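Chemist: Next come a sequence and a model predicted from it.
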Amino acid sequence: MNPINELRFVVNDRINDVDIGLKHVPLSLLGEFQKDVSEFLKGSGRDVDPAQVLIALEDGSLAWVATGLMAATSLWADLGHLKSPDSLSRIDAKRAAVVERWQTAARQNPHRTYQVADTTAQVFFSINGTSDYRRVEEAWVQVEKYLHGKVIDLGGKTSPNVHLEIEGGGILKVAASQELLAGEEQNHLYRPALLHVTAEENLRTGVLRNLRLLAFEAHQPSYDDDEFQRMVERGTRAWAGVSNAADWVETLRGGA
């Protein structure tokens with residue numbers, strides 16, 4: 001999804017046979033909607049500061065246009081997930097709670113609907129009385145893995161662990177025993193390492209959790225430039241007296 005800078009939050013309802021709008025909206029609904037929009041924007045990570053977000057009110061319904069959202073990466077990621085009804089387990093917990101509240105309110109009020117869209121009218125998700133956004137129980141299995149990366153932190157007094165920086169910049173925290181770490185003769189800190197671990201792996205996403213170190217395995221880089229150069233030098237000396245390598249190989253094979 002390409003980040004944009006604005007989102008349009010809309011709630012529609014009919015109170016006493018009159019559609020709500022800027023001149024006709026219950027105070028309780030106004031307060032609830034303001035709180036929900038603020039919480040949805042912030043999420044648990046608070047990658048949006050509501051104090052820095054400008055709101056424009058639109059008539060015809062209760063519609064708020066929030067601007068200043070370009071850098072809110074988790075917000076845009078969650079909006080992408082919400083195109084699927086079984087997405088509540090995959091988005092930020094606080095945003096999921098807002099969606100659940102809106103869904104409950106829409107089921108209890110036959111004229112109530114909610115919509116979140118951009119200002120080009122692209123709808124990210126909408127909620128009415130028949131919406132079925134839900135959480136899906138995640139499946140985790142016990143696995144053993146070999147993880148390659150760079151150790152950037154090691155040890156700890158009460159909860160010893162290893163912080164392993166893996167390819168792409170992610171960091172995995174791997175629990176370890178004091179005995180295992182103390183028994184290592186090699187200093188692994190700030191060096192490439194191959195870790196043998198147990199973990200729980202999410203069957204759908206491949207995410208690992210509850211990692212525990214079994215052992216540091218012998219680490220042999222797949223390419224060693226110094227060793228390669230030594231091999232080239234040895235090969236060059238060995239073939240120094242061969243004027244035509246192709247003819248020499250053909251002779252060994254018994255060719256003419």
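Modeler: Here it is on my side, so go on.

Chemist: Past the lengthiest strand in the chain, which element shows up next along the chain?
Modeler: Using DSSP state E, we find that the single longest strand of the chain is strand 140-155. Using DSSP states H and E, the helix or strand that follows strand 140-155 in sequence is strand 161-165.

Chemist: Could you list the paired strands of the helix or strand hosting residue 66 along with their orientation?
Modeler: Element membership of residue 66 [criterion: DSSP H and E] is strand 62-67. With DSSP bridges as the test, strand 62-67 is paired with strand 6-12 (antiparallel), strand 54-58 (antiparallel).

Chemist: ok, residues contacting it?
Modeler: 5-12, 20-22, 25, 29-30, 33, 37, 41, 53-58, 119 (Cβ atoms under 8 Å, 6 or more residues apart in numbering). C-beta: built from backbone N, CA, C; applies to glycine.

Chemist: what pLDDT does residue 31 get?
Modeler: Residue 31 carries a pLDDT value of 91.

Chemist: for the helix or strand where it lies, which positions count as buried?
Modeler: Following DSSP H and E, one finds residue 31 within helix 27-42. Within helix 27-42, the residues scored as buried using 16 or more other Cβ atoms under 10 Å are 29, 33, 36-42.

Chemist: Quick one: work out the angle between it and strand 54-58.
Modeler: Comparing the axes of helix 27-42 and strand 54-58 via axes from the mean of the first three to the mean of the last three Cα atoms, to 10 degrees yields an angle of 140 degrees.

Chemist: quick one: helix 27-42 to chain centroid distance?
Modeler: Here the centre of mass of C-alpha atoms in helix 27-42, compared against the chain's by Cα atoms, centre = their mean, to the nearest Å, lies 26 Å away.

Chemist: helices and strands around it, which ones?
Modeler: Under the contact definition 3 or more Cβ pairs under 8 Å, 6 or more residues apart in numbering; DSSP states H and E, helix 27-42 sits against strand 6-12, strand 62-67, helix 93-108.

Chemist: The buried residues of helix 27-42: which two are farthest apart?
Modeler: 29 and 42 (20.5 Å; Cβ to Cβ).

Chemist: before we move on, back to that, as JSON lines, the buried residues of helix 27-42 with distance to residue 169 would be great.
Modeler: As requested, the buried residues of helix 27-42 are exported to JSON lines (distance: Cβ to Cβ, whole Å):
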{"residue": "29", "distance to residue 169": "44"}
{"residue": "33", "distance to residue 169": "38"}
{"residue": "36", "distance to residue 169": "34"}
{"residue": "37", "distance to residue 169": "32"}
{"residue": "38", "distance to residue 169": "31"}
{"residue": "39", "distance to residue 169": "29"}
{"residue": "40", "distance to residue 169": "28"}
{"residue": "41", "distance to residue 169": "26"}
{"residue": "42", "distance to residue 169": "25"}
